[in-house]
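Engineer: only geometry, no sequence info:
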């Protein structure tokens, strides 16, 4: 009588959608039989982190549900030989193994209390068997990887692979598995990955994209192409501006001493400002330029927003010996009050601002950049998001 494990293994072999092309076994992934992934947590993982991992697992199961059944099911480990163990004590500080999918035996995935939601989703996708979307064989048609700015130890994270199990859809910049342009950079002022074409941005993603879902379904042979997608887009309703084409719905303040401009590439003054945008490494960002504007202020104003709780997220670049101050302000009617301030030089790289606030009346957000006493005080903004509710981290 055939054993359940042997039957499961045969099922994997017989489903050709699970198989890598002949002659490419070095990159081929082994998937979990019937999409069932046994998991456990070590005692080192506290309740806060467990809750975040389990919530991400539930989201993936919900998103990939198809044809009246679960496509992927994470189950508590009993005595399964092959299983995933979440731990904060793994020797692999990046939570990765040589290949995605089922490795065999105890498979440790490192998590941390500070791990972002997007990083948790990436680890879960990797555990299911999905390489990062930018590692597909045709990626050089869409992105440029700058290996000279990636430490040797991390270059395998960017290597192209020949396995196409999870690459059945068009190239997907929206995949939750996509890295941001400066990931793992030796020099964080320069991108490790750039888009090949203007307008193709690498958005902030915290949920599976439509193509992520279709690729998981195709890889595990569940459902059919065109089945209803049950995606829970946690950023639904978010308003984003990457400044690729214009200032979106942000406007210059009538009280400005000077205005923000959209800029591409380096600023006019050496020793201050970014050389690349944050969205894709080749595009535009909003710049308050110190040259010619010493000790002056520029402001961008949001549309009128309804009372409530909001999260504001954006990337800022404040590099230069005379960088002064950037502030986030809340304007109700004609009264503007400071919410948060960023003072002085903030390292020669893009940094993220992510905070929430509650306002009891209709209001506007005002982003202000105050210049210092010299040209070496540029302040730049990019990828500005705001959305209702508390911040997703």
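Structural biologist: Received it, and whenever you're ready, just let me know what you need. All values reported here derive from a predicted model rather than from experimental measurement.

Engineer: where along the protein do the helices fall?
Structural biologist: 4-14, 47-64, 117-128, 210-219 (DSSP state H).

Engineer: residue 37: which of those helices is closest?
Structural biologist: Taking C-beta to C-beta, helix 117-128 is the member of the helices of the chain nearest to residue 37, at 6.9 Å. Quick note: C-beta positions are derived from backbone N, CA and C, even for glycine.

Engineer: and the closest one, how far out from the chain middle?
Structural biologist: From the chain centre to the centre of helix 117-128 is a distance of 11 Å (C-alpha atoms, centre = their mean, to the nearest Å).

Engineer: swap in stretch 328-345?
Structural biologist: 27 Å.

Engineer: setting the sequence-adjacent residues aside, check what's closest to residue 130.
Structural biologist: Of all residues not flanking residue 130 in the chain, residue 166 sits nearest, at 4.2 Å (C-beta to C-beta, 6 or more residues apart in numbering).

Engineer: and of the helices of the chain, who's closest to residue 287?
Structural biologist: Closest among the helices of the chain, using C-beta to C-beta: helix 117-128, at 26.8 Å.

Engineer: which residues touch that closest one?
Structural biologist: Contact with helix 117-128 is made by 31-32, 37, 52-53, 56-57, 59-60, 72, 84, 95-96, 100-101, 107, 109, 111, 132, 176-177, 204-208, 212, 216, 219, 234, 392-393, as judged by C-beta atoms under 8 Å, 6 or more residues apart in numbering.

Engineer: again with stretch 371-378
Structural biologist: By C-beta under 8 Å, 6+ apart, stretch 371-378 touches 267-269, 271-273, 287-291, 293-298, 317, 319-324, 379.

Engineer: just the buried ones from those?
Structural biologist: Listed as buried from these are 267, 269, 272-273, 287-291, 293, 297-298, 317, 319-320, 322-324, 379; burial here means 16 or more other C-beta atoms under 10 Å.

Engineer: so where do the strands sit in the stretch 251-393 of the chain?
Structural biologist: 251-252, 261-264, 284-288, 297-301, 308-317, 325-332, 335-343, 351-359, 364-370, 379-388 (DSSP state E, counting those that start in this stretch).

Engineer: can I get these in a markdown table with distance to residue 186 and mean pLDDT?
Structural biologist: Formatted as a markdown table, the strands of the stretch 251-393 of the chain follow (distance: least, C-beta to C-beta, whole Å; pLDDT from 0 to 100):
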| stretch | distance to residue 186 | mean pLDDT |
| --- | --- | --- |
| strand 251-252 | 37 | 98 |
| strand 261-264 | 24 | 98 |
| strand 284-288 | 22 | 98 |
| strand 297-301 | 32 | 98 |
| strand 308-317 | 18 | 98 |
| strand 325-332 | 27 | 98 |
| strand 335-343 | 25 | 98 |
| strand 351-359 | 18 | 98 |
| strand 364-370 | 29 | 98 |
| strand 379-388 | 21 | 98 |
